[in-house]
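S.K.: Next comes the sequence, and after it the predicted model I'd like to discuss.
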Amino acid sequence: MSGETPTPVLPDTAPWRPSVAPGVQVGPARWNGEQLRSDASVAGQNRILRLGLRERLILDAIDGRRTVAEIHTSLTGQGLPAPTEVVVASLNRFLAFGLVERPFTVPAPTIEALDTRAEIAAENLSEVWATGARSGRASRARSALASWPSFVVALAIAAAVTVLAATAWPSAVIAVTHLTNPLWLVPAAVLAVVWNLGVTLAHEGAHMSTFRALSGRSARLSVTRLGVVPMINTQLDGVGLLDPGRKVRVVASGPLVSLLALLVPWAVFVLAPGGSVLELFAAASLLLDLAVVGLALSFFPNTDGSRLLEAVASVDQIQAVAFRTLSRRYRLPRGLPLLTRVAVRVYPVLLSATVLAVLLAGVLVVRLALS
């Protein structure tokens, strides 16, 4: 009807084009026996989000230019069955964790509170008895083992020290078991334990400082338990964000320090007068250090040796994955990297060889003691 005011047509609101937030860190994919998982976080924040393969692909598709609908179309074109609702839910999750730039502001105290809760999560685990010696954000410590050249040099020296210590251990067993005065064995054992405790602290300190240098994140020194046995352990929250090369350096730094420390009891044992108390103390320390570092580098579950294998093969908890795959509870897709598939198949053999090596070492010790 003439004379009526036409209804105004409001322009459509510009569609949201999500962008990845500055400082986002996404770690390499790892196989956990059921699916590929990746860790994601933001530099300067403690919170870590674990992503499945679909979420990882959605995050990778965010470029700041495409709308949500266009992201969905792109993923569908790649053969990913991701309904729009799933894409939106994943984006909302990314928003909550700060992986995607927020169209709103979150107060700093709120983020700090979330970080605090994320930071103390490990302390609430039932197997953790105490925590301390935290490598804080303000720390400027840098590990010499964080760079590849120094790492390789340390590895070469540690290999040489290991050969020297290994050639001396039969003589050390004889020195400990063939005593003219057996009463000296108790103080020798006490001194060996005290020395090894110091080496263990240096071992864990190497993990912490290397992790801090390569990730910029905090680490915790905690006392955990293996059954009823207390163990010093380092909590490395965010190690899954590191690429395999950096993760190898973090895991290997501890055993390297322990191997280098073998030089002290070996040198004292070689230079001490035969049959002296000093030789006994050095022999006991050398044997205990060799046993501890040998177990650390073995393929028993949750040792540095198995962690190194996990880092190289990109597998989480390889002992569980390997035996569940062996029993056919888990499948092993052919699409996984060859190294991942080989490590999962070979781990039971490596563990069996480790058990056999420990038994053989025990037999040799008994034979030397009785000779």
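M.R.: In hand now; what should we look at?
S.K.: Quick one: distance of whichever strand or helix holds residue 346 to the chain centre.
M.R.: With secondary structure defined by DSSP states H and E, residue 346 is part of helix 338-370. Taking CA atoms, centre = their mean, to the nearest Å, the mean C-alpha location of helix 338-370 is offset from the chain mean by 22 Å.
S.K.: Over to stretch 75-88?
M.R.: Using CA atoms, centre = their mean, the offset of stretch 75-88 from its chain centre is 32 Å.
S.K.: Please name the residues that touch the residue nearest to the spatial centre of the chain.
M.R.: When CA atoms, centre = their mean is applied to the chain, the residue found nearest the centroid is residue 239 (5.3 Å). Residues near residue 239 by CB atoms under 8 Å, 6 or more residues apart in numbering: 211, 215, 247, 250. For glycine as for every other residue, the C-beta is placed from the backbone atoms N, C-alpha and C.
S.K.: Residue 308: neighbouring residues, count only.
M.R.: Residues contacting residue 308 under the criterion other CB atoms under 10 Å number 17.
S.K.: Which element, helix or strand, includes it?
M.R.: Taking DSSP H and E as the definition, residue 308 sits inside helix 304-313.
S.K.: which is the next helix or strand following that helix?
M.R.: Following the chain from helix 304-313 toward its C-terminal end, the next helix or strand by DSSP H and E is helix 318-326.
S.K.: any idea of the angle that next one forms with helix 338-370?
M.R.: Counting by axes from the mean of the first three to the mean of the last three CA atoms, to 10 degrees, helix 318-326 lies at 110 degrees to helix 338-370.
S.K.: Point out the other helices and strands that helix 318-326 packs with.
M.R.: Packing partners of helix 318-326 (3 or more CB pairs under 8 Å, 6 or more residues apart in numbering; DSSP states H and E): helix 304-313, helix 338-370.
S.K.: angle of that helix against helix 304-313?
M.R.: 70 degrees.
S.K.: Please enumerate residues in contact with helix 318-326?
M.R.: Residues outside helix 318-326 that contact it (CB under 8 Å, 6+ apart): 31-33, 301-302, 306, 309-310, 315, 330-332, 343-345, 347-348, 351.
S.K.: which among those residues end up buried?
M.R.: Applying 16 or more other CB atoms under 10 Å to the contacts of helix 318-326, the neighbour count classes 31, 33, 301, 306, 309-310, 315, 330, 332, 343-344, 347, 351 as buried.
S.K.: need those residues in a markdown table with distance to residue 231 and pLDDT, can you?
M.R.: Shown next, in a markdown table, are those (distance: CB to CB, whole Å; pLDDT from 0 to 100):
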| residue | distance to residue 231 | pLDDT |
| --- | --- | --- |
| 31 | 27 | 96 |
| 33 | 25 | 93 |
| 301 | 13 | 91 |
| 306 | 15 | 96 |
| 309 | 20 | 97 |
| 310 | 19 | 97 |
| 315 | 23 | 96 |
| 330 | 28 | 93 |
| 332 | 31 | 94 |
| 343 | 25 | 97 |
| 344 | 26 | 97 |
| 347 | 22 | 98 |
| 351 | 19 | 97 |
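S.K.: List just the nearest of the residues you listed to residue 100.
M.R.: Checking the buried ones among the contacts of helix 318-326 against residue 100 by CB to CB gives residue 31 as the nearest, at 26.3 Å.
S.K.: Show me the strands in this structure, by range?
M.R.: Counting by DSSP state E, the chain has these strands, from start to end: 24-26, 30-31, 36-42, 49-51, 128-132, 220-226, 229-235.
S.K.: Of these, which is nearest residue 188?
M.R.: Minimum separation from residue 188 across the strands of the chain (CB to CB) falls at strand 229-235, 21.9 Å.
S.K.: Tell me the buried residues in that closest one?
M.R.: Buried residues in strand 229-235, counted by 16+ other CB under 10 Å: 233, 234, 235.
S.K.: hmm, back to that, out of the strands of the chain, which is the most enclosed?
M.R.: strand 30-31 (a mean of 24; mean count of other CB atoms under 10 Å).
S.K.: quick one: contacts of that one?
M.R.: In contact with strand 30-31 (CB under 8 Å, 6+ apart) are residues 36, 37, 38, 240, 310, 314, 315, 316, 321, 336, 340, 344.
S.K.: for residue 312, what are its contacts?
M.R.: Neighbour list for residue 312: 244, 248, 339, 343 [criterion: CB under 8 Å, 6+ apart].
S.K.: Turn the buried ones among the residues you listed into a named ChimeraX selection, would you?
M.R.: Command for ChimeraX that selects the buried part of those, burial taken from 16+ other CB under 10 Å:
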select :244,248,343
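S.K.: could you redo the contacts of residue 312 as CSV and give each row distance to residue 267?
M.R.: Shown next, in CSV, are these (distance: CB to CB, whole Å):
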residue, distance to residue 267
244, 35
248, 29
339, 39
343, 37
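S.K.: In JSON lines, list the buried residues of strand 229-235 along with distance to residue 290 and pLDDT.
M.R.: As requested, these are exported to JSON lines (distance: CB to CB, whole Å; pLDDT from 0 to 100):
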{"residue": "233", "distance to residue 290": "21", "pLDDT": "83"}
{"residue": "234", "distance to residue 290": "22", "pLDDT": "87"}
{"residue": "235", "distance to residue 290": "27", "pLDDT": "87"}
